[in-house]
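>>> I need the structure of the sequence given here:
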Amino acid sequence: PNTIQMADLPAELQLTKLLVTNKPIFQEITLWRSAGTREIEIQAQPFYNQGHQSAGHLLVLTDVTEWVATHDELLHHRENLANLVQVRTVELEKTAARLRTLREIDKAILEAESTDAIAAAALSRIRKLTGCTRASLVLFDEKKCCGRVLAVDADQATVIKSDTEASLNEFQLMSPKVWENQVQIVDDIQQAPQTDLIKGLSQEGVQAYISAPLHLRTKLIGMLNLGRDKVGPFNHDIIEIIREVADQLSIAIHQAQLNEEIASYAHELEERVQARTYELETANQRLQALSQVKDAFVANVSHELRTPITSLKLYNELLVKHPATARKYIDTLKRETERLESLIEDLLTISRLDQDRVTLQFEPVNLNDLAHIYVDDRHLLAAHKNIELKLEPANHPVFALGDANLLGQSLSILLTNAINYTPEQGQV
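From the prediction side, this is the model:
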């Protein structure tokens, strides 16, 4: 079966015509044999006689069937390998782009200082990475039993906007697997429960969505959502991306919330310190004012004590010089002594007033008579300082309901200060 006859050669080869050219021949042909097709390599080399005339051809036929098969197989493997390399290159480029975007999201999240800034940084990038038309972040509040849309990033105007609130039950109907710590995939939004949230998403043109849970340890704190404008399943890459970003956001949002709480506590503490400082400053000012009042009180008391003592000394000298008028002077000395005693009693009364242990004795007091008594007693003191002391009483009795002793003390302070601070030859 390996013998090849000239008759086996295909007619189109026209070997005789080729040999006439006296040129070397190299050609591959396919022979159909009973044992199957064979690949034959034909080589023909002319040879010449001594006269350099063509004497014939040396014809060599080689069966290269196995070599051709091996060569074709290698070419096929090379082509498959090239296709595989191209596919893997595309996959690696996609993976590299994905990792770069995830790194950008990480960096943006770390640089953000608030939950709003974190959401804004993450949503635009994840939407660009996945090719989705809508991305949103929802945070849950167990105390209020509701969820709040923290941020939304979309191609068009949104119906479910930032700060939109809904019950936890409505979010659970939207993405029940999130409560099982799984990714919720809805290929066709018409198959989801038609809640207000789903209807709002449908109005925005969302046809399919995917949700991933935000967990802090075992606590569900929110969910990350992606939506697109066509029905169909989400590929594996999008599922992995939303899961990774959701994990990153969980940690970042918790850290931001802690920072916000610390800042709030610091601000509250600063306000308390300022309020306490103000209270202390006010109390200090009050103490200073009380100190000034005390100083003024001591000064007034000194004047009050000095006045009767001066009167006592003065009338005592007059009594020694003019014993004939002793009765007049003795009456004045008696009143001044009683006034000094009353003043000391008043000091004790003030002390009792501070302790709320004094009951004022209210009675009708004739102010004309009270003024006469104190003006008469101060005449000599005023004359000693060359000051004219005059009394202009009312034409009719003037009564006031009050404590006679305290009213007298007040009038005594007024007269004493008036005499002490009026220059010589003045008038009171």
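
>>> Past the helix or strand containing L214, which element shows up next along the chain?
Using DSSP states H and E, L214 sits in strand 208-216. For strand 208-216, the following helix or strand on the C-terminal side (DSSP H and E) is strand 219-228.

>>> State the distance from I118 to H215.
16 Å (C-beta to C-beta, to the nearest Å). Heads up, the C-betas are built off the backbone N, CA and C, glycines and all.

>>> So those two - more neighbours on which side?
I118 (25 against 17; other C-beta atoms under 10 Å).

>>> Does anything pack onto the helix or strand harbouring I344? Which helices or strands?
Per DSSP H and E: I344 is located in helix 326-354. Where contact means 3 or more C-beta pairs under 8 Å, 6 or more residues apart in numbering; DSSP states H and E, helix 326-354 is packed against helix 236-321, helix 367-384, helix 404-420.

>>> Which residue ranges of the stretch 51-200 of the chain form strands?
54-63, 134-141, 146-154, 165-167, 184-186 (DSSP state E, counting those that start in this stretch).

>>> okay, those strands, which one's buried deepest?
strand 134-141 (a mean of 22; mean count of other C-beta atoms under 10 Å).

>>> If you average the pLDDT over that one, what comes out?
The average of the pLDDT scores along strand 134-141 is 93.

>>> Within the sheet, what are the partner strands of that strand, with directions?
strand 146-154 (antiparallel), strand 219-228 (antiparallel) (DSSP bridges).

>>> What residues of the strand holding L214 count as buried?
A208, Y209, I210, S211, A212, P213, L214, H215 (16 or more other C-beta atoms under 10 Å).

>>> what lines up beside that strand in the sheet?
By DSSP bridges, strand 208-216 pairs with strand 184-186 (antiparallel), strand 219-228 (antiparallel).

>>> ok and the last one relative to helix 236-321, angle-wise?
Looking back up the chat, that one is strand 219-228. 130 degrees (axes from the mean of the first three to the mean of the last three C-alpha atoms, to 10 degrees).

>>> How far off centre is strand 219-228?
Here strand 219-228 is found 21 Å from its chain centre; the criterion is C-alpha atoms, centre = their mean, to the nearest Å.

>>> For it, list the C-alpha coordinates in PDB.
Provided in PDB are the C-alpha atoms of strand 219-228 (Å, rounded to 0.1, in the frame of the first residue of the first chain):
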ATOM      1  CA  LYS A 219     -25.800  44.000  63.300                       C
ATOM      2  CA  LEU A 220     -27.400  45.000  60.000                       C
ATOM      3  CA  ILE A 221     -26.900  48.800  59.600                       C
ATOM      4  CA  GLY A 222     -28.000  49.300  56.000                       C
ATOM      5  CA  MET A 223     -27.700  48.200  52.400                       C
ATOM      6  CA  LEU A 224     -26.000  49.100  49.100                       C
ATOM      7  CA  ASN A 225     -28.200  49.100  45.900                       C
ATOM      8  CA  LEU A 226     -27.400  49.100  42.200                       C
ATOM      9  CA  GLY A 227     -30.100  49.300  39.500                       C
ATOM     10  CA  ARG A 228     -30.000  49.200  35.700                       C
END
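
>>> In that strand, which residues are buried?
Quick answer for strand 219-228 (16+ other C-beta under 10 Å): L220, I221, G222, M223, L224, N225, L226, G227, R228.

>>> Looking at the strands paired with strand 134-141, which is nearest to L401?
For L401, the closest of the strands paired with strand 134-141 is strand 146-154, at 66.6 Å, according to C-beta to C-beta.

>>> next one: the closest one to chain centre, how far?
With C-alpha atoms, centre = their mean, you get 16 Å for strand 146-154.

>>> re earlier: next, format the helices and strands packed on helix 326-354 as CSV and append mean neighbour count.
Converted to CSV, these look like this (neighbours: other C-beta atoms under 10 Å):
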stretch, mean neighbour count
helix 236-321, 14
helix 367-384, 16
helix 404-420, 17
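
>>> May I see those organised as JSON lines, with distance to R103 and mean pLDDT added?
Formatted as JSON lines, the helices and strands packed on helix 326-354 follow (distance: least, C-beta to C-beta, whole Å; pLDDT from 0 to 100):
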{"stretch": "helix 236-321", "distance to R103": "11", "mean pLDDT": "82"}
{"stretch": "helix 367-384", "distance to R103": "93", "mean pLDDT": "86"}
{"stretch": "helix 404-420", "distance to R103": "85", "mean pLDDT": "85"}
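
>>> if we can go back for a sec, among the strands paired with strand 134-141, which is nearest N368?
Of all the strands paired with strand 134-141, strand 146-154 comes closest under C-beta to C-beta, at 79.2 Å.

>>> what does that closest one contact?
Strand 146-154 is touched from outside by 115-116, 119-120, 123-124, 127, 133-141, 158, 160-168, 170-171, 204, 222, with contacts defined as C-beta atoms under 8 Å, 6 or more residues apart in numbering.

>>> now stretch 319-335
S311, L312, Y315, N316, L318, I373, D377, L380.

>>> For it, buried residues please.
L319, Y329, T332, L333, R335.

>>> From these, pick the one nearest K199.
Looking across these and measuring by C-beta to C-beta, the closest to K199 is R335, at 99.2 Å.

>>> any idea how far that closest one lies from I419?
Distance from R335 to I419, by C-beta to C-beta: 17 Å.

>>> before we move on, what about F399?
On the measure of C-beta to C-beta, F399 and I419 end up 27 Å apart.

>>> and what of R78?
In terms of C-beta to C-beta, R78 sits 128 Å off from I419.

>>> if we can go back for a sec, tell me which of the buried residues of strand 219-228 is nearest to V186?
Once C-beta to C-beta is applied, the member of the buried residues of strand 219-228 that ends up nearest V186 is G227, at 9.2 Å.
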